[in-house]
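[1] sequence? don't have it. structure:
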């Protein structure tokens, strides 16, 4: 079975939800950093490590999703 | 934001045990693998052939799904890490983080504590050393309770 003949170009419809998704992801990240920074006196080294892991992981995921979006 | 009094020093911090975070993380891991299993089932049992564009679209949705799970894990981690009892030489500060935008902070001075109760039950709590701690006080906030708190 081949479904390639369906006349549908996803990139025409996906850019609005994709941009919204990126904006919401960034907004939640800002909210997370606000909370993490509001407890400066109980922050430990592992807090910093988790922050770095979160930043790197989120950036990688957003870049991979952007790559897929461009490829579509 | 917590402001310590003059001469007040933090003695210890009591948090929930990592077991809670582990079960949450494991659940998210299962959810992250689920779309791959569904994809494999579709490919194997239906024999559908996909175009490059369709594969990239699936990749985009899957990456978005993983990003959502990734962020959810860190929201839970924030809840786990900021849900804490700070025990100082003057008082116990109970910070209860409820999601990202709600926080409940209560304090009890050490001289107001009437009773402390520690209880743990079950195989996993016994193995990993976590249980409930309750502190009875004479103040307006009469009982503090930390569930699944780690103990040594």
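    Right, received. Where do you want to start? Since this is a predicted model, take the numbers as computed values, not measurements. Numbering: from 1, shown residues only, chains lettered A, B, ... in the order given.
[2] For residue A:58, identify the helix or strand it belongs to.
    Counting by DSSP states H and E, the element that carries residue A:58 is helix A:45-71.
[3] Mind listing what's buried along that helix?
    Along helix A:45-71, these residues count as buried under the neighbour rule (16 or more other Cβ atoms under 10 Å in any protein chain shown): A:50-51, A:54, A:57-58, A:61-62, A:64-65, A:68-69. For the C-beta atoms, the positions are set from N, CA and C on the backbone; glycine is no exception.
[4] just stretch B:117-130 next, same as before
    The neighbour-count check on stretch B:117-130 (16+ other Cβ under 10 Å) flags B:120, B:125, B:128, B:130 as buried.
[5] Could you dump these into CSV with pLDDT added?
    Converted to CSV, those look like this (pLDDT from 0 to 100):
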residue, pLDDT
B:120, 81
B:125, 86
B:128, 83
B:130, 85
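[6] hey, where'd the strands end up in chain B?
    Using DSSP state E, the strands found in chain B span residues B:10-15, B:84-88, B:91-98, B:102-109, B:113-119, B:130-137, B:143-150.
[7] Make TSV out of these and add distance to residue B:33.
    Putting the strands of chain B into TSV (distance: least, Cβ to Cβ, whole Å) gives the following:
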stretch	distance to residue B:33
strand B:10-15	29
strand B:84-88	32
strand B:91-98	29
strand B:102-109	32
strand B:113-119	36
strand B:130-137	28
strand B:143-150	26
